[in-house]
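**Student:** coordinates only, no sequence provided:
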């Protein structure tokens with residue numbers, strides 16, 4: 001019952017729509033992600049957000065002060081040729097690290113439990129009007145229409161309720177039948193986030 005309640009309260013609207021974007025270097029903290037950084041803009045060899053608002057496919061993101069976001073990331077790496085990240089500057093000295101394409105992100109579980117870094121899903125225009133389904137241990141728990149912009153992924157509450165000790169699955173389906181799946185699972189001191197289609 002607790003897991004069902006947590007799953008139902010999974011989404012809350014957060015932040016305004018994505019602001020101007022930029023990129024970080026070739027690392028997240030000390031973690032290699034892709035090629036060396038371009039002088040400006042996004043690496044031309046990497047998959048980039050579409051010209052519409054937001055990413056082409058929903059993306060996992062971390063938001064907070066940059067030093068804290070980087071401290072939360074244990075490792076991050078592409079699992080396909082489209083895997084990369086984008087650094088978005090937000091107001092009040094915060095940043096959003098947006099993970100695009102096929103990527104795995106390993107997070108420090110204890111650090112994430114402090115709530116200083118927030119996890120989000122970010123939906124772009126191509127998926128607006130679609131639906132996201134939330135499953136725990138392969139059992140559907142909730143669904144919601146996809147709206148433009150970032151949504152809180154209440155990772156601290158999910159972990160505290162024991163949901164992340166099982167396989168937590170967020171599955172977005174667009175009106176054009178495109179998919180994006182984000183899996184989150186706690187493994188000891190690590191939260192493993194896998195993003196794929």
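**Tutor:** That came through fine. From a predicted model like this one, the values you see are computed outputs, not experimental measurements. Numbering: from 1, shown residues only.

**Student:** and the gap between the most centrally placed residue in the chain and residue 180?
**Tutor:** Using C-alpha atoms, centre = their mean, the residue of the chain that lies closest to the mean C-alpha position is residue 60, 1.1 Å off. According to C-beta to C-beta, to the nearest Å, residue 60 stands 9 Å off from residue 180. Any C-beta I mention is one placed from the backbone N, CA and C, and that applies to glycine too.

**Student:** likewise residue 85?
**Tutor:** 15 Å.

**Student:** ok, the nearest residue to residue 80 once chain neighbours are set aside - contacts?
**Tutor:** Closest residue to residue 80 apart from its sequence neighbours, by C-beta to C-beta, 6 or more residues apart in numbering: residue 102 at 3.2 Å. Under the criterion of C-beta atoms under 8 Å, 6 or more residues apart in numbering, the neighbours of residue 102 are 78, 79, 80, 82, 83, 195, 196, 197.

**Student:** now do 6 Å
**Tutor:** 79, 80, 82, 83, 196 (C-beta atoms under 6 Å, 6 or more residues apart in numbering).

**Student:** closest one to residue 71 out of the residues you listed, please.
**Tutor:** Nearest to residue 71, judged by C-beta to C-beta, of the contacts of residue 102 is residue 83 at 21.7 Å.

**Student:** ok, so what distance separates the closest one from residue 157?
**Tutor:** Distance, residue 83 to residue 157, using C-beta to C-beta: 28 Å.

**Student:** of these two, who's got more company?
**Tutor:** The neighbour comparison of residue 83 against residue 157 (other C-beta atoms under 10 Å) goes to residue 83, with 21 against 17.

**Student:** before we move on, the earlier item: ok, of the contacts of residue 102, which come out buried?
**Tutor:** Buried by 16 or more other C-beta atoms under 10 Å: 82, 83, 196, out of the contacts of residue 102.

**Student:** could you single out the nearest of those to residue 126?
**Tutor:** Nearest to residue 126 among these: residue 82, at 14.7 Å, using C-beta to C-beta.

**Student:** wouldn't the closest one be in contact with residue 99 here?
**Tutor:** No. Judged on C-beta atoms under 6 Å, residue 82 makes no contact with residue 99 at a distance of 11.0 Å.

**Student:** name the helices or strands packed onto the strand or helix carrying residue 150?
**Tutor:** According to DSSP states H and E, residue 150 maps onto strand 149-153. Judged by 3 or more C-beta pairs under 6 Å, 6 or more residues apart in numbering; DSSP states H and E, the packing partners of strand 149-153 are strand 118-123.

**Student:** tell me the strands beside the strand it packs on, with direction?
**Tutor:** Next to strand 118-123 in the sheet, as set by DSSP bridges, lie strand 59-65 (antiparallel), strand 149-153 (antiparallel).

**Student:** helices and strands of this structure: which one has the lowest mean pLDDT?
**Tutor:** helix 2-8 (a mean of 38; mean pLDDT, DSSP states H and E).

**Student:** joint contacts of residue 60 and residue 180?
**Tutor:** In terms of C-beta under 6 Å, 6+ apart, residue 60 and residue 180 are not both contacted by any residue.
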